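Here's a sequence, model it:
(one chain, ligands or ions: 1)
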Amino acid sequence: MSLIWRYIKRYRLILLLNVVGSFGFIFVELGLPTMLAKLIDGAIAGVEQSFITRTIILMLLFSVAGLLGRSLVAYTTSRLTTNMVAEMRNDMYKKIQTFSHEEFDKLGVSSLVTRVTNDAFILMQFGQMVLRLGLATLLMMFASFYMIFQTSRELSVILIPAFPALLIFVLIIGKKSRPLSEAQQENLDNINLTLRESLTGLRVVRAFVREKFQSSRFAIVNEAYSTVSRRLFYLMAWTQPLFSHIINLIIIAIVFMGAPLIESGDLQIGNMVAYVEYSFHALYSFLNFAIVFMMYPRAAVSAARIQEVFDTVSSISPNEAGITETETHGYITFENVSFSYPDNKETPVIENVNFSLEPGQTIAFIGSTGSGKSTLLQLIPRFYDVTAGRIIIDGHDVRDYNLKALRQKIGYIPQKSLLFTGTIAENLRYGKVNATELEMEEASDISQAKDFILDKTEKFEEHLSEGGSNLSGGQKQRLSIARAVVRRPDIYIFDDSFSALDYQTDKRLRGRLKKETGRSTVIIVAQRVSTILHADKIIVLNEGKVVAEGTHKELLKTSQIYYDIAASQMREEELA
Ligand SMILES: Nc1ncnc2c1ncn2[C@@H]1O[C@H](COP(=O)(O)OP(=O)(O)OP(=O)(O)O)[C@@H](O)[C@H]1O
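From the prediction side, this is the model:
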């Protein structure tokens, strides 16, 4: 539970108030039976009325003080646990941001979502239990024991064997519940995964009329979660009534054993009442403590899952002290670059790729699907690191750069346009935080997005719904191009970013880009030959290897693969 403590200890004063509140409340709870004993025994012995009145007033004051103690505990507990979980979530979020794609692949996005939401929530619940019940009940248990032994040693023989027996019982329950808690969280990951997939892929599900199939997939993971949860909750639920039952039996035994002591005059009636009250406190404190203890394995599982996020070291370091400034802008060299994905190290996806580019030049990659084009592009902004060779930008290995500075040089337009919930302007300012309206207008003009933006009622302030789902595919692509253009980067990376554009728009956009990007270096992956016709260099990739390179005209003569691709898309006279 060092994870919880790491956050809670940041609020020492509130924690101190919590302890004070717990102490005060216990002092009051145990003071009341003592006064009640005095009151009963005094009334039986016929003490003065003023003593009775004084004791009753004192009891009332104690009661109010008890209420204040409880309120203090409740207030401080809420503050501590909500602050704890908010900070924990922020820290997790920051940590996740540092992960490279390798860590995302390893931990899984859905599992990360569960960890930030549900696992953190479980720790908050557990923190509340500990602060509200754990501390107070532990103190109450020890204080009640002290009072029990003070009041009657003879009766206490009943309680001595009861506690170790109950403790063993609690330990067994705790041991049984841990694997169930682990399974519960894993099943929740699966629910999130299935839900994410079927909701983000809703159109595909509907188009292929696979609602029933998806529903049954969801029902299976949901049932798995329910089954394991049912077992866990059942285990925890029946312990409470069983405990209450045992407590009642112990109280009956106390009364049974106490009666002869009262008769023989060894125990006064008031003390007997107080004794029963103390025993109730002691046993119920133990019960509460047992409840907290039984929640521990569940919280420990969540804590371990959160800790795993904090302990995961990104395979790509941010390299804060790395290079931030360069003399040149836009020179790129691939030197014998090879790469294989971490989950399949034996099979290289990129093999021994070499090329050089100067500012103002455009290079294009073409090849069959799965030939490694997107992978190659992702090595430049270090989404993954090369497994052999070097990528040199402006004279320095990309690994020697400050990661942020390296990425600042690049305008990356991904294969799948991704926009964020917010206005069009907010999305464009993703590319450049302080972009002016003029800059945004220019960027959207270059990317052929201006017309449709101006057609919107709110223009640049038009709100985009989740993932930009209220735009067409082509509009989304144009906006994600504008987002990169507004940054005016040294290097543009277009990963098949023109595929959703019609031929005319594609042509216009590339014409404007060519003019405006001027000294920038442009790297394009495209499926359409027409998109890369005028590139300074075209590289044909096949199974991760460079099989040909040259201009369009050269490749038509030298590369059969390129010719075949071109022939499948162009008219005969265009190929001549
Ligand atoms: N995250 C990943 N983990 C493991 N393997 C991957 C991963 N991403 C891609 N691959 C594999 O790497 C190979 C190259 O994929 P890549 O996406 O680079 O191809 P591509 O040429 O861009 O294809 P396309 O034109 O279809 O987009 C494929 O065999 C693919 O299965």
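
would you list every one of the helices in the stretch 51-200 of the chain?
Applying DSSP state H, counting those that start in this stretch to the stretch 51-200 of the chain gives helices spanning 101-107, 109-114, 120-129, 135-151, 153-156, 159-200.

Which secondary structure elements does the longest one sit against?
For helix 159-200, the contact count by 3 or more CB pairs under 8 Å, 6 or more residues apart in numbering; DSSP states H and E identifies helix 109-114, helix 211-263, helix 269-311 as packing neighbours. Backbone N, C-alpha and C define where each C-beta goes, glycine included.

Burial check on L166, number of neighbours?
19 (other CB atoms under 10 Å).

which parts of this structure sit against the ligand?
Counting by CB under 6 Å from any ligand atom, the chain comes close to the ligand at 105, 341, 343-344, 349, 367, 369-375.

5 Å - rerun?
Within reach of the ligand by CB under 5 Å from any ligand atom, the chain has these residues: 341, 349, 369-375.

From those residues, keep the buried residues only.
Among the residues of the chain next to the ligand, those buried by neighbour count (16 or more other CB atoms under 10 Å) are 349, 371-375.

before we move on, the earlier item: save the residues of the chain next to the ligand as a markdown table, and put in distance to L72 and secondary structure too.
Shown next, in a markdown table, are those (distance: CB to CB, whole Å; DSSP: H, G, I helix; E, B strand; the rest coil):
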| residue | distance to L72 | secondary structure |
| --- | --- | --- |
| Y341 | 55 | coil |
| V349 | 61 | coil |
| T369 | 65 | coil |
| G370 | 64 | coil |
| S371 | 67 | coil |
| G372 | 63 | coil |
| K373 | 63 | helix |
| S374 | 58 | helix |
| T375 | 59 | helix |
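
Show me which pair in those is furthest apart.
Distances among the residues of the chain next to the ligand were taken as CB to CB; the most separated pair is Y341 and T369, at 16.3 Å.

Check the secondary structure at E327 for me.
coil (DSSP: H, G, I helix; E, B strand; the rest coil).

Neighbours of it, how many?
E327: 7 neighbours (other CB under 10 Å).

In terms of pLDDT, where does it sit?
At E327, the pLDDT value in this model is 90.

So it versus H396, what's the distance?
Remark: distance between E327 and H396 (CB to CB, to the nearest Å) = 10 Å.

One more: Q125?
Distance, Q125 to H396, using CB to CB: 50 Å.

Closest to the centroid, which residue in this structure?
V116 (2.8 Å; CA atoms, centre = their mean).

wait, what's in contact with that residue?
Contact analysis of V116 by CB atoms under 8 Å, 6 or more residues apart in numbering lists 89, 92-93, 96.

rerun that using 7 Å as the cut-off
89, 92-93 (CB atoms under 7 Å, 6 or more residues apart in numbering).

can you check P33 too?
Applying CB under 7 Å, 6+ apart, the residues near P33 are 274, 277-278.

Counting neighbours, which of the residues you listed comes out on top?
Y278 (28 neighbours).

Please name the residues that touch it.
The contact partners of Y278, by CB under 7 Å, 6+ apart, come to 33, 144, 147-148, 151.

pLDDT added to the residues you listed, as JSON lines?
Formatted as JSON lines, the contacts of Y278 follow (pLDDT from 0 to 100):
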{"residue": "P33", "pLDDT": "78"}
{"residue": "S144", "pLDDT": "81"}
{"residue": "M147", "pLDDT": "80"}
{"residue": "I148", "pLDDT": "81"}
{"residue": "T151", "pLDDT": "80"}
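
From those, pick the one nearest the ligand.
Among those, S144 lies closest to the ligand (CB to the nearest ligand atom), at 59.2 Å.

The closest one - how many residues pack around it?
26.

isn't it right up against A282?
Yes: with contact defined as CB atoms under 7 Å, S144 counts as touching A282 (3.6 Å).

Which single one of the contacts of Y278 is nearest to T312?
S144 (45.2 Å).

And the closest one, how far from T137?
Remark: distance between S144 and T137 (CB to CB) = 10 Å.

which neighbours do those two share?
With CB under 7 Å, 6+ apart as the test, S144 and T137 both reach S285.

any idea which of the helices and strands packed on helix 159-200 is most buried?
Of all the helices and strands packed on helix 159-200, helix 269-311 has the most neighbours on average by mean count of other CB atoms under 10 Å, namely a mean of 20.

Sheet partners, orientation included, of the following helix or strand past it?
The helix or strand immediately downstream of helix 269-311 is strand 332-339, counting by DSSP states H and E. Take DSSP bridges as the rule and strand 332-339 pairs in its sheet with strand 350-357 (antiparallel), strand 388-393 (antiparallel).

can you list the weak-confidence ranges in this structure?
134, 571-576 (pLDDT under 70).

Would you mark the buried spots in stretch 121-136?
In stretch 121-136, counting by 16+ other CB under 10 Å, buried: 122-136.

JSON lines for the buried ones among the residues of the chain next to the ligand, including distance to D445?
Converted to JSON lines, those look like this (distance: CB to CB, whole Å):
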{"residue": "V349", "distance to D445": "37"}
{"residue": "S371", "distance to D445": "34"}
{"residue": "G372", "distance to D445": "34"}
{"residue": "K373", "distance to D445": "29"}
{"residue": "S374", "distance to D445": "28"}
{"residue": "T375", "distance to D445": "33"}
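
Under a three-state scheme, what state does S499 occupy?
Judged by three-state DSSP, the three-state class of S499 is coil.

Give me the phi and psi angles of it.
phi -60, psi -30 (degrees, to the nearest 10).

Was I right to think it contacts V525?
No: using CB under 7 Å, S499 is not in contact with V525; the gap is 9.8 Å.

So which of those two has more stuff around it?
Using other CB under 10 Å, the more surrounded residue of S499 and V525 is V525, with 24 against 17.

The more buried one touches K373, doesn't it?
Yes: look at V525 against K373 with CB under 7 Å: they come within range, at 4.4 Å.

Now for those two: what residues contact both?
Joint contacts of V525 and K373 (CB under 7 Å, 6+ apart) are F365.

that older thread, just the closest of the contacts of Y278 to F243, please.
S144 (15.8 Å).

who's in contact with that closest one?
Residues near S144 by CB under 7 Å, 6+ apart: 30, 278, 281-282, 285.

ok, for the closest residue to the ligand within the stretch 201-350 of the chain, nearest residue in space, not its chain neighbours?
Of all residues in the stretch 201-350 of the chain, the one sitting closest to the ligand is Y341 (3.5 Å; CB to the nearest ligand atom). Using CB to CB, 6 or more residues apart in numbering and skipping the chain neighbours, the partner closest in space to Y341 is V349 (6.2 Å).
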